[in-house]
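what follows is a predicted structure for the sequence shown.
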Amino acid sequence: MKSPNVYDVYDINSMLSDEEKQVRDSIREFVRNEAVPIFRDYFREGKFPEQLIKPLGELGVLGANLDGYGCPGLNNVAYGLIMQELEYCDSGLRSFASVQGALVMYPIYAFGSEEQKQKYLPKLATGEYIGCFGLTEPDYGSNPGGMITRAEKVAGGYKLNGRKMWITNASLADVAVVWAKLDGVVRGFLVEKGTPGFQPRPMHGKLSLRASDTSEILLDDCIVPEDAILPGSDGLKSPLSCLTQARYGIAWGVIGAAIASFEESLEYAKGRVMFDRPIAGYQLTQNKFAYMMTEITKMQLLVLQLGRLKDAGTMHHAQVSLAKRNNCEHALNIARMSREILGANGIMDDYVSMRHANNLETVKTYEGTHEIHTLVLGQLATGIAAFS
Amino acid sequence: MKIAILLKQVPVKDATLKIDGNGTWIDESDLQFEINESDHFGLEEALRLKEKHGGEVVVVTMGPERVREAIKQALAKGADRAIYINDSEVSTPDPQVHARILAAALKDEGFDLILSGLQSDDYGYGQTGVLVAAELGMAHATLVMETDVQDGKIKVKRELESGWFQYVELPLPAVLTIQSGLNQIRYATIKGIMAAKRKEIREVSPTELGIDAAELQGGAFALEKVYVPQKTKETAVLEGDAKEIVSALVDKLKNEAKVL
Ligand SMILES: Cc1cc2nc3c(=O)[nH]c(=O)nc-3n(C[C@H](O)[C@H](O)[C@H](O)COP(=O)(O)OP(=O)(O)OC[C@H]3O[C@@H](n4cnc5c(N)ncnc54)[C@H](O)[C@@H]3O)c2cc1C
Ligand SMILES: Cc1cc2nc3c(=O)[nH]c(=O)nc-3n(C[C@H](O)[C@H](O)[C@H](O)COP(=O)(O)OP(=O)(O)OC[C@H]3O[C@@H](n4cnc5c(N)ncnc54)[C@H](O)[C@@H]3O)c2cc1C
């Protein structure tokens, strides 16, 4: 019997359609040629490489699983594979695509008026427009339902007041999806760059997801027109449904970070001789690789079935919580173990494992922390909500 | 413009090759394949010419079933349709026979331009494109680095030795063999990949194209033996005083190693 591929031990490749494989391979080629060589420097500088946005749009990556309005209508497994290939490079690259597709285009697609869809979706799909999603606030992270940001009906539109924090792409954005309470009900508003009273401010000093813009947004008597409200948005379940989309992509994406780390440490361990033997030959190191192969295989099987459920239209948000929680945790463990195997070299940014590990701290936290997804699963098991 | 691109699938560049049981070719069972490099540049050039002048790009590929993967990739990048020649009847490696089969598939289509790669990364004959031109009685140019189509004619830049180039004008229809690196190859877009499913791949066999079955087995030559070159290492110890050793070393670097 042929010995299995260590990066795909269960030959999950054979469970993919030709089209899914082709999409994965094309994005892989793009990411490895155009993005991987430059990300170390952008991470160092704390900047997102904006020159990649238009090419990502041309490839069809932005909003790839939406149909119409310039979007290709790809199935969710192929979409997941794209996320995996992007995050193989850096979680910041995948975050860009997640925010644009799942947190900006999706709510416009799901809750927007026909005019809003026509106006924004084609431009967001090509990358001509950049979007951001403002839900989290300084005092309301895991509990966004308590948000302070308010919308008030005024003549000709709405007045927004409040403060959003940790908002990916806010300083780059042409349009922000801002969630605010109107008469006590959470609603979505499309706020365009340059609207008076809308002030994004980059946040500095991050040790994680450095190659990504993270900003605060101040909303100070920010008046938006009548047609800026997402007419279909209705309560907290609206932003939460966007998060389900984005978490789905994260569950796939982190496999890319895990594979990149595993690849790096495996190659290193084969070549690094200590005590007259490659460190790959020591049981303690092999134990790490056994863990990595096992967990990567489980992660891959989890998301593949999750994707098939999503394509069938039967996916439940708790199933996404399970995959997001599991995959982020193990991807982070794998990146940390890989860093260990690299010894002192592993703390240098010439190697990717520690950058992935640092990024995965964010990925484990955003879109619902590990603990919050634990509570979602706890509620599923027991029927008792333990959130408060 | 109606453009054909002759596109072949070859083992990936960094593949570990094993000789097959007969010792006449490589064992293909565990190999991965890709589009031949210079053919890939040829495809890109065809797509660019179509974008500039309009028309159609047709992929023409001969090989076993696995080459459909290369065809689909080319269709995903923007080729309009494909002709797939199943080579299960062909056992000769003779490029003359291959060219005759390809020419038979091409001749009734009325192409303005037929592109191929300069050479394939497996057999490496570098003859297929030129022989197709001979079979079809068309003008041809090899080692093409640049194309410029003007009404009824094409001007091409050819790469010569030592950094020299040559500009040649040919009447259309013409056959060009393309040198790697003349353009920048695009990535297949998601829409392109999805659209490729609906594009036509017409399968034909050499005998359906009217090629004599005997010819497919025969050809002017046969592959006798494929083998891995024996690595030999010779160590020469240079003797004498420093001056003699240096001049002997420089002589060897210049004339044997040819690195100076
Ligand atoms: C780089 C980055 C980018 C981000 N991008 C965006 C974005 O684009 N848009 C956006 O809206 N938000 C974004 N976020 C915010 C992110 O979603 C929040 O950080 C996340 O929801 C957690 O909220 P918090 O940081 O306020 O933590 P808190 O909610 O204060 O949680 C702190 C800790 O307490 C735990 N905890 C909280 N409640 C409970 C409980 N009931 N039981 C047990 N433990 C609990 C948490 O698990 C966590 O460990 C981003 C964050 C980061 C770091
Ligand atoms: C910021 C920094 C400051 C430092 N400062 C100093 C300093 O001031 N002075 C100084 O002398 N050194 C210093 N060091 C070096 C440090 O002590 C070494 O990095 C450390 O001893 C590990 O060696 P290595 O990096 O070569 O890793 P390796 O020895 O190559 O180890 C690589 C991996 O293999 C594992 N491994 C090795 N052998 C075995 C085995 N037999 N069985 C199982 N696993 C094994 C290791 O645990 C590790 O996970 C510094 C390092 C750093 C990162």
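Noted; the coordinates are in hand. Residues are numbered from 1 along each chain as shown, chains lettered A, B, ... in the order given. Ligands and ions are numbered 1, 2, ... in the order given.

got the contact list for the residue nearest to residue A:10 when sequence neighbours are not counted?
If the residues on either side of it in the chain are set aside, residue A:10 comes closest to residue A:297, at 5.3 Å by CB to CB, 6 or more residues apart in numbering or on different chains. For glycine as for every other residue, the C-beta is placed from the backbone atoms N, C-alpha and C. Residue A:297 is in contact with A:8-10, A:12, counting by CB atoms under 8 Å, 6 or more residues apart in numbering or on different chains.

now render those residues as TSV, adding distance to residue B:255 and neighbour count.
As requested, the contacts of residue A:297 are exported to TSV (distance: CB to CB, whole Å; neighbours: other CB atoms under 10 Å in any protein chain shown):
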residue	distance to residue B:255	neighbour count
A:8	50	15
A:9	53	14
A:10	56	16
A:12	55	15
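
before we move on, the earlier item: surely the residue nearest to residue A:10 is within a strand?
No: checked against DSSP: H, G, I helix; E, B strand; the rest coil, residue A:297 lies outside a strand; its state is helix.

residue of chain B nearest ligand 2, please.
residue B:14 (27.2 Å; CB to the nearest ligand atom).

for that residue, what are phi and psi?
phi -100, psi 20 (degrees, to the nearest 10).

also residue B:57?
phi -120, psi 120.

doesn't residue B:77 make contact with it?
No: using CB atoms under 8 Å as the test, residue B:57 is too far from residue B:77 to be in contact (9.3 Å).

quick one: which of those two has more around it?
The neighbour count for residue B:57 versus residue B:77, taken as other CB atoms under 10 Å in any protein chain shown, is higher for residue B:57 (27 against 24).

residues contacting that one?
Counted by CB under 8 Å, 6+ apart, residue B:57 has contacts B:3-5, B:43, B:46-47, B:50, B:78-80.

now with 10 Å?
B:1-5, B:43, B:45-51, B:74-75, B:77-82, B:113, B:115 (CB atoms under 10 Å, 6 or more residues apart in numbering or on different chains).

and residue A:323, by the same measure?
Residues near residue A:323 by CB under 10 Å, 6+ apart: A:80, A:247-248, A:250-252, A:254, A:299, A:302-303, A:305-307, A:315, A:373.

so what's the residue count around residue A:144?
16.

is any residue of stretch B:7-20 near chain A?
No: using CB under 10 Å from any CB of the partner chain, stretch B:7-20 never reaches chain A; the gap is at least 12.1 Å.

find the residues that touch each one of residue B:57 and residue B:77.
Contact criterion CB under 10 Å, 6+ apart; residues shared by residue B:57 and residue B:77: B:43, B:46-47.

can you verify residue A:261 is assigned to a strand?
No: per three-state DSSP, residue A:261 lies outside any strand segment and is helix.

follow-up on the earlier one: my read: the residue of chain B closest to ligand 2 touches residue B:32, true?
Yes: counting by CB atoms under 10 Å, residue B:14 does reach residue B:32; the two are 9.5 Å apart.

neighbour count winner among the two?
Per other CB under 10 Å, whichever of residue B:14 and residue B:32 has more neighbours is residue B:32, with 10 against 6.

now for the closest residue to that one other than its chain neighbours: which residues touch it?
Using CB to CB, 6+ apart and skipping the chain neighbours, the partner closest in space to residue B:32 is residue B:12 (4.8 Å). Each residue near residue B:12 by CB under 10 Å, 6+ apart is listed here: B:31-34, B:121.

and the nearest residue to residue B:167 once chain neighbours are set aside, what are its bridge partners?
Nearest residue to residue B:167 in three dimensions, chain neighbours excluded: residue B:157, at 5.6 Å (CB to CB, 6+ apart). Counting by DSSP bridges, residue B:157 is bridged to residue B:146, residue B:167.

now residue A:191: how far from residue A:53?
Distance, residue A:191 to residue A:53, by CB to CB, to the nearest Å: 20 Å.

also residue A:99?
If you measure residue A:99 against residue A:53 using CB to CB, the figure is 12 Å.

what about the two, which has more around it?
Per other CB under 10 Å, whichever of residue A:99 and residue A:53 has more neighbours is residue A:99, with 27 against 22.

for that one, what are phi and psi?
phi -60, psi -50.

contact partners for it?
Residue A:99 touches A:62, A:105, A:130-133, A:167-170, A:173, A:177, A:212-213, A:242, A:246, A:249, counting by CB under 10 Å, 6+ apart.
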